[in-house]
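>>> coords please:
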Amino acid sequence: MKLIIAVVQDKDSNRLVDALSEENFKTTKLSTTGGFLKEGNTTLMIGCDDGDVDQALDIIKDNCSQREQMIAPISPMGGNADSYIPRPINVEVGGATVFIVPVDSFLQF
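The predicted structure is shown next:
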């Protein structure tokens, strides 16, 4: 048995949970924050049999797209002026960060 931990952008989370549910994957959804843009993320915990990992990964890939997002300049006040960006720039966001860990035992009460 494996535990898949997938950190995805909030914009992708509902579509991904629906797609996983359609294929009978049980998920636990956690609201998380972090990363480069300090925006909300969703962390999904998905328990599955070893043979179902590839199918789960395919569903995650199909539903978590990378895209560009415009970010506003950040003021150098109180920070390092060397890293100041004077105008808005496009950055790549989205996709998924996935961890797969073995599960020694699973109990459900």
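
>>> give me every residue that touches the residue most central in space within the chain.
Centroid-nearest residue in the chain, with Cα atoms, centre = their mean: Val8, separated by 1.6 Å. Residues in contact with Val8 (Cβ atoms under 8 Å, 6 or more residues apart in numbering) are Leu16, Asn41, Thr42, Thr43, Leu44, Ile60, Cys64, Gly94, Gly95, Ala96, Thr97. Just so you know, the C-beta spots here come from the backbone N, C-alpha and C atoms, and that holds for glycine as well.

>>> how about 10 Å then?
Going by Cβ atoms under 10 Å, 6 or more residues apart in numbering, Val8 touches 15-17, 29, 32, 41-44, 60, 63-64, 94-98.

>>> likewise Val17?
Counting by Cβ under 10 Å, 6+ apart, Val17 makes contact with Val8, Phe25, Thr27, Lys29, Thr42, Leu44, Ile46, Asn63.

>>> how near is the residue nearest to the fifth one when sequence neighbours are not counted to Asp58?
The spatially closest residue to Thr42, leaving aside those adjacent along the chain, is Ser13, at 3.7 Å (Cβ to Cβ, 6 or more residues apart in numbering). Here Ser13 is placed at a distance of 17 Å from Asp58 (Cβ to Cβ, to the nearest Å).

>>> These two: who's more crowded?
Between Ser13 and Asp58, counted using other Cβ atoms under 10 Å, Ser13 has the larger neighbour count: 21 against 12.

>>> My reading is that that one lies in a helix. Confirm?
Yes - according to DSSP: H, G, I helix; E, B strand; the rest coil, Ser13 belongs to a helix.
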